[in-house]
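**Student:** Sequence first, predicted coordinates after that:
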Amino acid sequence: MAGARLRAAVAANPLQPFETHLDHVDHFSMRNYQTIYMAPSPASRKALLGAWNVAASAFNYTGRSFVAHATLGQAYTDDALEFLNDKGSRLVAAGQRWQTDSFVILRKDDEDEGRMKVVDIVPFSPGITPQLSIPARLASEAPFNAFRFDVNSASWESTAPTASDLGTLRVATFNLMHDDAFPFSERARRVIDAIVESDADVIALQEVTEDSLRAILSDDVLRQHYIWSSHESATTFPLARNLVFLSKSAAPISWEHVTLEDKKKPVALARIQHSNGQRTIVAAVHLSAGYEPTILIKREKELQALTAYLHQRHVNDTTIILGDFNAQPGDSVPLESGSFIDAWEQVDASAATEATFDPSQNELAAHTARRFSVESRRYDRIYVQSQGVEVLGFAHFGIPAAGHAPASDHWGVSALLKLGSSPAPADENESTPVAAVGGELAAVQPANLTGVQLADAVQDQTPSPADRLRRAAAVTRLRNILSGNGPNTAEPSVVRLRLVPVGSFSLEVDIVSSDVDCLVIGNISPNAFWSLARHCIKTQSDDDGVPQVKLRRFVNEAAVPMMQLEVDGIAMDMQYSCAPHIAET
């Protein structure tokens, strides 16, 4: 229908092809923000308006006049305005020109994640053959070609990868640090030397900017080691901090840019095609930073979205996930309970206590740590499939010699992997520690008691009505504290928790020495819940500053983890079940 009406309109009012040239950055001012866009030259604007008028007549449109623009984003702050203006200026300087000779009709496909699909192409006049070309990456799920450094032309050229014969693969991750207080230009030599030191076949870099990428790819020493890059030196990135892959000649790559849970936290996937027909996927992440409960949950959801994507699209490929996880103590890392293993912990049992972000040893980390926490953290990690990959070694890099400045606020980490093998099976004699929970109640021997004595004994052990009210109030108290989701919660709708009493109290067969058993049903992982519960308990207090809920013991290593609490003097045992379909109804 739409195509037919447009064809009739251009038959009555044929148009001539013209050049569209975006030559400057402009903005619309709204009430609370500004929309920044690339705008056409005067000649292009006039030609585009003429085409718009033909299209408007086809559909009898008489609304607002057309303002041709290519939106870059919305700016709510001066910093965001400066950022978007800079991105737009870079794009304009790179040259935004193309021939325009047809209308393209798009339709949103709600069954394919809302992607816009081309449904028709209408030439400006019946005698024109449209020169429109739709990149294969937009028409399919094919990956991007990476850029290979060509020695003869001394330039990075988009190149289809060849197959790799590697049987072992060294992978690495390194956060370069983007901080205006420590310009990359002053650290470039140290950063590049650290990348070369890693000796990785494939290395994932985080917090890359246009300036840092240009410095890295123009360095002669680096190009002697790394001849493949996911991006070219003239790239204009969509974000302030971006992900980039570099690889050696023995590991040619193609790559994917994947937006999952948050468009500001995309994932980059490098593909290595092996000569035996197998394929290895290296997924690079830079998860959300912060220690608030909502951020903890956000990180977990980012990883869950990634693992779901990998299972859907790359289930038959060997998969490695690495990068800056921004992991905090108590974080739930879904990879650890699934089909992935921590490469560092495979070769070093003390890895859990090691750090890659160490303010006590790294002066740059001491600077950036002020924003979050001054404690050392193992932010940077490498996870590999538990089947099909053997971890042969693990190493740090980028740690300077005594008296020398660091390259970044993070140390880099690398892992040497043997592909097509499996780790040694676990010792069948090892047992999982299980904590026993229970109490003793003095035995009553009814055979030795009269009826009156037995009645008195039962009465002595039965909670009074006042006791039951105190226990019910304690349940309500705990429920209210947990439902707060912590102070200053930005997304109160993210977490759904339902606390219900169970056991003898709920059945009204408890005795005076019984504790109150409660089950919390939620839509977050157990690790996320226990971290959230600790936070809520730690930050709550009564009007006089006395805690309402006290954590007496956390039995984390039990088959069913449990918190032993005291709520207004009432002993309570709290367990958790992850059941989103119940919690969210």
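**Tutor:** Structure's in. What do you need?
**Student:** among the helices and strands of the protein, which one scores worst on average pLDDT?
**Tutor:** Every helix and strand of the chain was ranked by mean pLDDT, DSSP states H and E. The lowest is helix 136-139, at a mean of 50.
**Student:** Can you list the strands that the helix or strand just after it pairs with?
**Tutor:** Counting by DSSP states H and E, the element after helix 136-139 in chain order, helix or strand, is strand 144-150. Here strand 144-150 is paired, per DSSP bridges, with strand 155-159 (antiparallel), strand 228-229 (antiparallel), strand 254-258 (antiparallel).
**Student:** Okay, buried residues for the last one please.
**Tutor:** Read it as strand 254-258. For strand 254-258, the neighbour count (16 or more other C-beta atoms under 10 Å) marks Ser254, Trp255, Glu256 as buried. For every residue, glycine as well, the C-beta is placed using N, CA and C.
**Student:** which one of the residues you listed sits closest to Glu82?
**Tutor:** Trp255 (29.3 Å; C-beta to C-beta).
**Student:** so what's the closest one up against?
**Tutor:** Pro143, Phe144, Ala146, Ser230, Phe245, Ala268, Leu269, Ala270, Arg271 (C-beta atoms under 8 Å, 6 or more residues apart in numbering).
**Student:** now those: which count as buried?
**Tutor:** Among the contacts of Trp255, those buried by neighbour count (16+ other C-beta under 10 Å) are Pro143, Phe144, Ala146, Ser230, Phe245, Ala268, Leu269, Ala270, Arg271.
**Student:** so where's the stretch 201-350 of the chain uncertain?
**Tutor:** Scanning the stretch 201-350 of the chain for pLDDT under 70 picks out 329-332, 334, 336-338.
**Student:** ok, so what distance separates Met560 from Gln575?
**Tutor:** For residue 560 the amino acid is Val, not Met. 6 Å (C-beta to C-beta, to the nearest Å).
**Student:** Pick out whichever of these two has more residues nearby.
**Tutor:** Gln575 (17 against 12; other C-beta atoms under 10 Å).
**Student:** That one touches Pro561, doesn't it?
**Tutor:** Yes. Using C-beta atoms under 8 Å, Gln575 and Pro561 qualify as a contacting pair, with a distance of 7.2 Å.
**Student:** a markdown table for the contacts of Trp255, including distance to Val347?
**Tutor:** A markdown table is the format used below for these (distance: C-beta to C-beta, whole Å):
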| residue | distance to Val347 |
| --- | --- |
| Pro143 | 31 |
| Phe144 | 33 |
| Ala146 | 30 |
| Ser230 | 28 |
| Phe245 | 24 |
| Ala268 | 26 |
| Leu269 | 25 |
| Ala270 | 23 |
| Arg271 | 26 |
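**Student:** quick check, nearest of the residues you listed to Asn326?
**Tutor:** Using C-beta to C-beta, the contacts of Trp255 come closest to Asn326 at Ala268, 16.4 Å.
**Student:** buried ones in the lengthiest helix in the chain?
**Tutor:** Secondary structure assigned by DSSP state H gives helix 293-313 as the longest helix of the chain. Under the neighbour-count criterion of 16+ other C-beta under 10 Å, helix 293-313 has 293-307, 309-310 buried.
**Student:** Which secondary structure elements does it sit against?
**Tutor:** strand 279-286, strand 318-324, helix 526-539 (3 or more C-beta pairs under 8 Å, 6 or more residues apart in numbering; DSSP states H and E).
**Student:** Dump the ones you listed to a markdown table, plus distance to Val54 and mean neighbour count.
**Tutor:** Formatted as a markdown table, the helices and strands packed on helix 293-313 follow (distance: least, C-beta to C-beta, whole Å; neighbours: other C-beta atoms under 10 Å):
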| stretch | distance to Val54 | mean neighbour count |
| --- | --- | --- |
| strand 279-286 | 46 | 24 |
| strand 318-324 | 49 | 24 |
| helix 526-539 | 55 | 20 |
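**Student:** Redo these as a markdown table? Include distance to Gly50.
**Tutor:** Conversion of these to a markdown table gives the following (distance: least, C-beta to C-beta, whole Å):
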| stretch | distance to Gly50 |
| --- | --- |
| strand 279-286 | 45 |
| strand 318-324 | 49 |
| helix 526-539 | 56 |
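**Student:** Which of these sits closest to Arg189?
**Tutor:** Across the helices and strands packed on helix 293-313, closest to Arg189 is strand 318-324 (C-beta to C-beta), at 22.3 Å.
**Student:** Tell me which other helices or strands the closest one touches.
**Tutor:** If you count contacts as 3+ C-beta pairs under 8 Å, 6+ apart, strand 318-324 packs onto strand 168-175, strand 202-208, strand 279-286, helix 293-313, strand 380-385.
**Student:** Quote the end-to-end distance of stretch 379-396.
**Tutor:** Distance across stretch 379-396, first residue to last, is 13 Å (C-alpha to C-alpha, to the nearest Å).
**Student:** buried sites along it?
**Tutor:** 379-385, 388-392, 394-396.
**Student:** same check, this time on stretch 508-522
**Tutor:** Counting neighbours by 16+ other C-beta under 10 Å, stretch 508-522 gives Asp510, Ser514, Asp515, Val516, Asp517, Cys518, Leu519, Val520, Ile521, Gly522 as buried.
**Student:** Out of those residues, the closest to Thr129 would be?
**Tutor:** Nearest to Thr129 among these, with distances taken as C-beta to C-beta, is Gly522, at 59.2 Å.
**Student:** Identify the bridge partners of the closest one.
**Tutor:** Beta-bridge partners, per DSSP bridges, of Gly522: Leu497, Cys578.
**Student:** wait, doesn't it sit right on Arg496?
**Tutor:** Yes. If you go by C-beta under 8 Å, Gly522 and Arg496 touch, sitting 6.1 Å apart.
**Student:** Skipping adjacent residues, who's closest to Val267 in space?
**Tutor:** By the measure of C-beta to C-beta, 6 or more residues apart in numbering, the closest residue to Val267 outside its immediate chain neighbours is Val258, 4.6 Å from it.
**Student:** what residues are up against Pro14?
**Tutor:** Pro14 touches Phe124, Ser125, Pro126, counting by C-beta under 8 Å, 6+ apart.
**Student:** Next, the last one: secondary structure please.
**Tutor:** Reduced to three states with DSSP: H, G, I helix; E, B strand; the rest coil, the structure at Pro126 is coil.
**Student:** Quote the end-to-end distance of stretch 276-292.
**Tutor:** Across stretch 276-292, first to last residue, C-alpha to C-alpha, it's 46 Å.
**Student:** cool, stretch 12-21 as well?
**Tutor:** 27 Å.
**Student:** what pairs with Pro123 across the strands?
**Tutor:** Ser102.
**Student:** and it, how far is that from Gly388?
**Tutor:** 52 Å.
**Student:** again, but for Leu222
**Tutor:** The value you get for Leu222 to Gly388, if C-beta to C-beta is used, is 31 Å.
**Student:** Shouldn't Ser38 be within a helix?
**Tutor:** I think there's a mix-up here, since residue 38 is Met and not Ser. No. Counting by three-state DSSP, Met38 is not part of a helix but strand.
**Student:** Read off the pLDDT value for it.
**Tutor:** Per-residue pLDDT puts Met38 at 96.
**Student:** Surely it is in contact with Gln96?
**Tutor:** Yes. If you go by C-beta under 8 Å, Met38 and Gln96 touch, sitting 6.4 Å apart.
**Student:** between these two, who's got more neighbours?
**Tutor:** Between Met38 and Gln96, Met38 has the larger neighbour count (other C-beta under 10 Å), namely 20 against 15.
**Student:** what's the burial count for Thr585?
**Tutor:** Thr585 has 8 nearby residues by other C-beta under 10 Å.
**Student:** now it: how far from Ile521?
**Tutor:** 10 Å.
**Student:** Fine, thanks again, bye for now.
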